[in-house]
Each structure stands twice: as structure tokens, then as C-alpha cells.
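Asker: quick one: sequence plus predicted model below, questions after.
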Amino acid sequence: MSRKSANALLLLTAALWGMGFICTQYVIEANFSAVQLAAARFVVGAAFLTLVFRKKLRNVSKETFFVSAFLGALMAFGLGLQIYGQKYSTPSTCAFITAVYVIIVPFLESAIFRKAPRPLIWVCAAATLVGVCLISVTDSLTVSLGAALTLIATLFFAAQVALTELFVKKHDPVALGVVGADFIAVCATVLAVIIYFIDGRLPVFNTGSVMSLLYMGLAGTGICLVMQNLAQKYTTASQASIIMSTECIFGSAFSVILLGEALGIRLVAGSALIVASIVISNINFNTFKQKSDKTG
């Protein structure tokens, strides 16, 4: 697979994830807790992946299993916090704050691959922080609970993206995605059952929630997990993170079109600052300088 094809696959992944914010809103309104949503979503996704790629699971090594479980756990914690965050926020706010993980990834890459981040990254990180403050700090100068939870979730997403680049070099990316989804499905289901016996809370299964869960399970989890792992084998974590961060644009657009969400001035200004920082942080100005020197 060429890098262009891999990046196109990641863009499709971002679009599918963007629609996931809308589906999450429908499920939250149907009284699903974060654990119940994760359990239902990953049971559907894991069943689909296991059925399609069952042959690849026959020779999975212990090392691949533990790596998959670890990556799956990072994603599960991130999704759980993100779901709780959206419960106390809006799809657009949640989507744009989630994109902050793109700025975090280069720092994690530096720690993993022993490379110091470029000076520009520090500037972009500071600009991103200002953007997050515009979105998440309320008029009373306190950080909203939804924004805080979503921001913590970005740390788990950033770690998952950075470590995926490391592990797909040694392990089958499809196997990583399938086993990871299976691991999350089992753990989330067990946890959901335990919580049910504690509080007796049952969600509402209606047309909207069922269709949303099927979409998140099949597309948002099953298909996207494999596409991300497969594509990251042929591109870098930094490039992957910036492309996948466009889910915030897709998520906000879908929220405005399908849910009629109104975008306030602070949200627009903060989001623009975050997106600009993400784009600038991934531009290699040395390449432009070299081309300029050659033409000069």
C-alpha cells in the first residue's frame, strides 16, 4: 500500500468516527451509561471482526495478544472518558477537544523513538491550549466537566496512536485490531453486568439507539480499527494523527446538519485555533526551504 492510499484510508476512518459523535448523542439520550455503550458497541464490532478475520486468529502469539489487549485498553479508557465528557457537553465541543491528541502525539513519539520535538511543536501546543481554554472554560472561569473528561481522554488516544506505529512494525495490524476489539468487548460486558447488579439501570432500546449502536459497532469500531492499524503500517504516527483529527471537522459538521447544533463564537474561535495548530504542527518547513534553495 502506498502512503497516499494509507492516508486516504485514514481520512475515511476520520469521517466514520465523526459520524460516531452523532450516534453517541442518540445513545446517551437513550439512557445508556458509558460502560453499557462501550459493551454494546464492541460486542457488535468484535463479533463482526472475528467472523470476517477468524483465520487470522488461529496463529496469534501470546505477545500479539498482550499488545492487542494493551492497545485496546488505551482505546477503551479514552472512549469511556469521551462518552462521559459528551454527556456533559456537546458533540462539537467534544469533537474539537478530542483532536488535541494530535499535538500530544509528537511528544510521545519523541519519548518512544528518542527524537526531540521540533521547536514549532511547542508553539502549536501553546496555541492549542488557548483554543481548548476558549472552548472549555465557562463564563465563571471554571473548566466544564465535559471538556475536562474529554481532554483526559485525548491522552489515552494519543498513547494508542503513538504506540500503534511502534507495534504494527512487528505484529499483524489486522490481528491487533481484532484481538483488541475482542478484549474490550469481554471486559466491558463483564463490567456492565456488574454495574447492572449494583444500580439496576437499564437503557432504552429504540430505533435510534439500536441503529446508532449498529453503526458504531460495525463502522466506528469494527471497520475503523482495522483500517487505522492497516494504514498506520504505511505512514507515520504524526501524519496519521493529523489526518484522523479531521474527525472533529466531520463531527461538528454532522452535528450542525443532523442535530441542528448552534456554534457559538468562542467554539468557532477555539476550534479554528486548534485546527490551525494541528495543520501547522505537521508542516515540514524544511522541505519548502530545500525546494526554494534548489529553484533559487
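Answerer: Everything's here; your move.
Asker: which of the residues in the helix or strand hosting Val186 are buried?
Answerer: Counting by DSSP states H and E, the element that carries Val186 is helix 173-199. Applying a neighbour-count criterion of 16 or more other CB atoms under 10 Å, the buried positions in helix 173-199 are 173-189, 191-192. To be clear about C-beta, it is placed using only N, CA and C from the backbone, and glycine gets the same treatment.
Asker: next helix or strand past whichever strand or helix holds Thr50?
Answerer: With elements delineated by DSSP H and E, Thr50 resides in helix 34-52, which encompasses its position. On the C-terminal side of helix 34-52, the closest following helix or strand by DSSP H and E is helix 62-87.
Asker: relative to helix 62-87, how tilted is whichever helix or strand comes after that next one?
Answerer: Following the chain from helix 62-87 toward its C-terminal end, the next helix or strand by DSSP H and E is helix 91-98. Following axes from the mean of the first three to the mean of the last three CA atoms, to 10 degrees, one obtains 140 degrees for the angle between helix 91-98 and helix 62-87.
Asker: ok, residues contacting helix 91-98?
Answerer: Residues from elsewhere that reach helix 91-98 (CB atoms under 8 Å, 6 or more residues apart in numbering): 18, 21-22, 24-25, 82, 85-86, 131-132, 135-136, 146-147, 150-151, 153-154, 157, 247-252, 254-256, 259, 261, 263, 267, 270-271, 274-275.
Asker: list buried residues within those residues.
Answerer: Buried among these (16+ other CB under 10 Å): 18, 21-22, 24-25, 82, 85-86, 131-132, 135-136, 146-147, 150-151, 153-154, 157, 247-252, 254-255, 261, 267, 270-271, 274-275.
Asker: restricted to helices, list those residues.
Answerer: Among the buried ones among the contacts of helix 91-98, the ones falling in helices (DSSP state H) are 18, 21-22, 24-25, 82, 85-86, 131-132, 135-136, 146-147, 150-151, 153-154, 157, 247-252, 254-255, 267, 270-271, 274-275.
Asker: now stretch 264-279: average pLDDT?
Answerer: Looking at stretch 264-279 alone, the average pLDDT works out to 75.
Asker: sorry, wrong one. I was asking about stretch 75-92.
Answerer: Stretch 75-92 shows a mean pLDDT of 78 in the predicted model.
Asker: flag every buried residue along it.
Answerer: In stretch 75-92, counting by 16+ other CB under 10 Å, buried: 75-87, 89-92.
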